[in-house]
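Q: here is my input; please provide its structure:
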Amino acid sequence: MEETVRETIKKTVLYHLKKNNGLAFGQCLSAVGWVGGTMPELTEKDGLVELAMSDVSNGGIVTGAGLTNRRPIYVIRYQGFNWFNAPIILNYACKSKEIWDVPCPIFIRGIGMEGSIGPVAGSSHHSLYYRMPGIKIISPMTPKEYLMSYDYFMKNEDVLYVSEHRGSYSNKDELPDFVSNDLDFILFPISITRFEAQKAKIELEKQGYKIGIANIVWIKPFAMKKEWEKATISSKFGGIVLDDDYSQGVATNLAYEMMKKTGKKIDIMGLKNRSAGFSKTTDNLPPNYLDIVEKVKELVKTNKKS
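A: As a prediction, the model looks like this:
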């Protein structure tokens, strides 16, 4: 029977604690449904450590565990809390191997979520870590991708930021690329926008467009696959990077890298440059499939004129 992303994460954490002498840290791990059903129902004697509601100091506690090579999994229930946790992780854990030759491997589960949860907790914030050295970033949205993330972590000594999203937890399916050399436009989605890209492709193809999808799983390091490069170069109108973070971060950087490689225009879509509120009218959400459809049609129209 196929497993969901939720079930895969739960089993991965359980395996890490029971078989690899690992630790798992976080706030409210046992409260409100065990972090969306992704945490095994264990206690501190099993290596599951409940932390106080003190994010700044918690980053230091987890860094200390990483320095002892216990390879902690650190659950940040809302990615917005990274703004409090990141300073110690970036300045100590990420620099430790380079400066002191002492690895500090940490598996950071940064959990994205949007929808009327206000300006502090919501959205994804992988861009916060992207510009700094000593850290790798991946955004798995399928069971196999999550297992790949954990496998990489156990075989390497890096701090690994895993940009999760609650919207993926019920997913059982893999999300394949769709690229060829006769496309009008290519979508390069990250995180939860991958599901919206699938819907946008279906809708745009109903309207006569040939649409490709190249799913970005590894954010850092990012490498444009050869088949993506060929498909982009041969496409009529280039592509667009879709992100559920602010568009001035990862999306802009990856679009620039792809434009350098292909000579094609790569646009961006992400969160708007404002804080989110608690109501539908003040929220700040990642692009949905209708937004993507309209943006692609607008870009194609503009490119035809030029």
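Q: residues in contact with A251?
A: Under the criterion of Cβ atoms under 8 Å, 6 or more residues apart in numbering, the neighbours of A251 are 190, 241-243, 245, 268-270. Bear in mind the C-beta positions are built from the backbone N, C-alpha and C, glycine included.
Q: buried ones in the longest helix along the chain?
A: Longest helix of the chain, by residue count under DSSP state H: helix 289-305. Along helix 289-305, the positions that meet the burial threshold by neighbour count (16 or more other Cβ atoms under 10 Å) are 289, 291-293, 295-296, 299-300.
Q: I'd like those as CSV, with distance to H126 and pLDDT appended.
A: Output for the buried residues of helix 289-305, formatted as CSV (distance: Cβ to Cβ, whole Å; pLDDT from 0 to 100):
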residue, distance to H126, pLDDT
Y289, 22, 98
D291, 20, 97
I292, 20, 98
V293, 25, 98
K295, 21, 96
V296, 24, 96
L299, 24, 92
V300, 29, 89
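Q: tell me the one of those residues nearest N82?
A: Taking Cβ to Cβ as the measure, D291 is the one of those closest to N82, at 24.9 Å.
Q: G115 versus the closest one, what's the distance?
A: 15 Å (Cβ to Cβ, to the nearest Å).
Q: what stretches of this protein score poorly on pLDDT?
A: For the chain, applying pLDDT under 70 flags the ranges 1, 305-306.
Q: per-domain residue ranges of it.
A: The chain breaks down by automatic domain parsing into domains covering 5-168, 185-305.
Q: how about TSV for these, with distance to D177 added?
A: Formatted as TSV, the entries for those read as follows, by distance: least, Cβ to Cβ, whole Å:
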stretch	distance to D177
domain 5-168	12
domain 185-305	5
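Q: those: which one's closest to F178?
A: From those, taking Cβ to Cβ, the stretch that ends up closest is domain 185-305, at 4.7 Å.
Q: would you check that R71 makes contact with F153?
A: Yes - with contact defined as Cβ atoms under 8 Å, R71 reaches F153; the gap is 7.3 Å.
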